[in-house]
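Peer 1: next comes the sequence, and after it the predicted model I'd like to discuss.
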Amino acid sequence: MFLQKMQSVCWIVLALLTLGAFFFVSSSFAWSVLAGGIISNVSFLMSQKDIMGFAESVTSLPELEDRQARADQGRKGYILKFWLRIVLIGVVLLLLIKSGVVNIFGLILGLSTVVFAVTFISLDVLRSYYSSGRR
């Protein structure tokens, strides 16, 4: 449930950043923000699915030895997928930057959408913790 909220916040942050960039900077800057945000949010979504799939496959087994064997196998697969995703993102970013179709600062702003979402959710959790009377 928490990760679904996080995904929603990521897409909302991307929409707000893109609209803000469109109205206050330029349309090319906004397209760059959108491109970076899509790359960042899709990567985050894929990481989330990989981690959840790995956790479910390990915890579904009743025997400890089976869980350990599945965890070792799953960890290798997760690390391979992680590095493949990093290389793919690098190639996409290289092509976008080399082609000159994106504004590098807009791209960086878009790539930061997940960081902004984590910050907003962390501040919300902190606010709710202190407003509930726990100190």
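Peer 2: Received the coordinates, thanks. Numbering: from 1, shown residues only.

Peer 1: and the gap between residue 127 and residue 40?
Peer 2: Distance, residue 127 to residue 40, using CB to CB, to the nearest Å: 25 Å. Yep, even glycine has a C-beta here, placed from its N, CA and C like the rest.

Peer 1: residue 81 too?
Peer 2: On the measure of CB to CB, residue 81 and residue 40 end up 17 Å apart.

Peer 1: tell me which of residue 127 and residue 40 has more neighbours.
Peer 2: Under the neighbour definition other CB atoms under 10 Å, residue 127 and residue 40 were set side by side, and residue 40 has more, 23 against 10.

Peer 1: put the alpha carbons of stretch 76-94 into PDB.
Peer 2: What follows is stretch 76-94, C-alpha atoms only, in PDB (Å, rounded to 0.1, in the frame of the first residue of the first chain):
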ATOM      1  CA  LYS A  76      21.700 -13.000  -8.500                       C
ATOM      2  CA  GLY A  77      18.800 -12.400 -10.800                       C
ATOM      3  CA  TYR A  78      17.900  -9.100  -9.100                       C
ATOM      4  CA  ILE A  79      21.400  -7.800  -9.300                       C
ATOM      5  CA  LEU A  80      21.600  -8.700 -13.000                       C
ATOM      6  CA  LYS A  81      18.300  -6.900 -13.700                       C
ATOM      7  CA  PHE A  82      19.500  -3.900 -11.700                       C
ATOM      8  CA  TRP A  83      22.700  -3.500 -13.700                       C
ATOM      9  CA  LEU A  84      20.900  -4.100 -17.000                       C
ATOM     10  CA  ARG A  85      18.400  -1.300 -16.000                       C
ATOM     11  CA  ILE A  86      21.300   1.000 -15.100                       C
ATOM     12  CA  VAL A  87      23.000   0.400 -18.500                       C
ATOM     13  CA  LEU A  88      19.700   0.900 -20.400                       C
ATOM     14  CA  ILE A  89      19.000   4.100 -18.600                       C
ATOM     15  CA  GLY A  90      22.600   5.300 -19.400                       C
ATOM     16  CA  VAL A  91      22.200   4.500 -23.000                       C
ATOM     17  CA  VAL A  92      18.800   6.300 -23.200                       C
ATOM     18  CA  LEU A  93      20.300   9.300 -21.400                       C
ATOM     19  CA  LEU A  94      23.300   9.300 -23.700                       C
END
